[in-house]
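J.: Structural data only, the sequence is not supplied:
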């Protein structure tokens, strides 16, 4: 079922699923998209202040997107991002970590340019298995308004 | 050679490389990280207002990260993101598009909490082969200060 702008309100919470991040995942993403030694070279990474491999922040963001797509906070309505505010990587993500994603609606607004659409701003909080927040961000999504009648 | 906070200034420009985005790339990223029909199902996507497959915005962001990592705007100093401001996906990225990345330093600031580090804020502008801006964002990176002496 599609959800419309009118179907979500600030304060609505949607639990996301969890995902384990393996060393193989971290290496594969880094080779494809973020080829820097702290993401790809365990021996190098062990000598840094992180004391081991850390995931590319964009890998974490992509894993979180997967959880959002699977959780379907807008039902069968697509989650179409126009942009993101305040993305912060608070803590490193390491091999073996399990990420838990929580979604909250923080604002909804009818579009000024298109009466058939509006925007929903989320706050997405991603925590690891220790309950530490590793990433927060606020995607702003383009969402259809409920058709009249 | 490592570059330090003192080696970059607002207004500095760094050209990034270019990358072609194939349909296979778009499908593979979507299956792994953003399994929604507009990114995975060409027949579905043809019937949307986009009239065809569009890349996940996070795929575009990851491809841009690759260009930044290869361009090494900080020399051999790692590009370590603390966060991102004002990420905007202005136009869809489609199969066959070629993305060009341009990096500009917009601010540098010594850290208030750690005298050995500071932050560099970039403005990254990504355009397609038609010169249209498809994505802009401002990563904030954690950069070592030049050691005394």
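T.: Okay, I see it. Keep in mind that what you see is a predicted model, and the values were worked out from it rather than measured.
J.: And the strands in chain A, which stretches?
T.: A:13-20, A:81-89, A:98-110, A:117-127, A:133-144 (DSSP state E).
J.: Would you give the sheet partners of the shortest one, along with the direction of each?
T.: Paired strands of strand A:13-20, with direction, are strand A:98-110 (antiparallel) (DSSP bridges).
J.: Looking at chain A, which helix is longest?
T.: helix A:57-71 (DSSP state H).
J.: got the contact list for the most centrally placed residue in chain A?
T.: What sits nearest the mean C-alpha location of chain A, by C-alpha atoms, centre = their mean, is residue A:64, with 3.6 Å. Neighbouring residues of residue A:64 by C-beta atoms under 8 Å, 6 or more residues apart in numbering or on different chains: A:16, A:99, A:101, A:124, A:126, A:135, A:137. Any C-beta I mention is one placed from the backbone N, CA and C, and that applies to glycine too.
J.: Check residue A:144 too.
T.: Applying C-beta under 8 Å, 6+ apart, the residues contacting residue A:144 are A:2, A:4-5, A:77, A:116-117.
J.: Just among those residues, which is most surrounded?
T.: residue A:5 (23 neighbours; other C-beta atoms under 10 Å in any protein chain shown).
J.: I'd say it and residue A:105 touch.
T.: No - at 10.6 Å, residue A:5 does not count as touching residue A:105 under the criterion of C-beta atoms under 8 Å.
J.: so what sits against both of those two?
T.: Common neighbours of residue A:5 and residue A:105 are listed as residue A:120 (criterion: C-beta under 8 Å, 6+ apart).
J.: Name the nearest residue to residue A:70, ignoring sequence neighbours.
T.: residue A:17 (6.1 Å; C-beta to C-beta, 6 or more residues apart in numbering or on different chains).
J.: Chain A against chain B: which residues are in contact?
T.: Counting by C-beta under 8 Å from any C-beta of the partner chain, the positions of chain A adjacent to chain B are A:29, A:32-38, A:56-59, A:61-63, A:65-66, A:69-70, A:78-89, A:137.
J.: Can you say which of those are buried?
T.: For these, a neighbour count by 16 or more other C-beta atoms under 10 Å in any protein chain shown gives the buried set as A:29, A:32-34, A:36-38, A:56-59, A:61-63, A:65-66, A:69, A:78-81, A:83-85, A:87-89, A:137.
J.: Mind putting the contacts of residue A:64 into a markdown table with pLDDT?
T.: Listed next are the contacts of residue A:64 as a markdown table, based on pLDDT from 0 to 100:
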| residue | pLDDT |
| --- | --- |
| A:16 | 89 |
| A:99 | 98 |
| A:101 | 97 |
| A:124 | 98 |
| A:126 | 98 |
| A:135 | 98 |
| A:137 | 98 |
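J.: before we move on, back to that, mean confidence score for the longest helix of chain A?
T.: On average, the pLDDT along helix A:57-71 is 97.
J.: how far off strand A:117-127 does it point, in degrees?
T.: If you take axes from the mean of the first three to the mean of the last three C-alpha atoms, to 10 degrees, helix A:57-71 sits at 120 degrees to strand A:117-127.
J.: chain center to helix A:57-71: distance?
T.: Its chain's C-alpha centre lies 5 Å from the corresponding centre of helix A:57-71 when counted by C-alpha atoms, centre = their mean, to the nearest Å.
J.: Same question for stretch A:34-49.
T.: Put simply, stretch A:34-49 sits 24 Å off its chain's centre (C-alpha atoms, centre = their mean).
J.: same deal with stretch A:112-121?
T.: Taking C-alpha atoms, centre = their mean, one finds stretch A:112-121 lying 22 Å from the centre of the chain it belongs to.
J.: List the buried residues for that stretch?
T.: For stretch A:112-121, by 16+ other C-beta under 10 Å, it's A:118-121.
J.: Ends of that stretch, what's the gap?
T.: In stretch A:112-121, first residue to last residue: 16 Å (C-alpha to C-alpha, to the nearest Å).
J.: what does stretch A:140-149 give?
T.: Stretch A:140-149 has an end-to-end distance of 27 Å (criterion: C-alpha to C-alpha).
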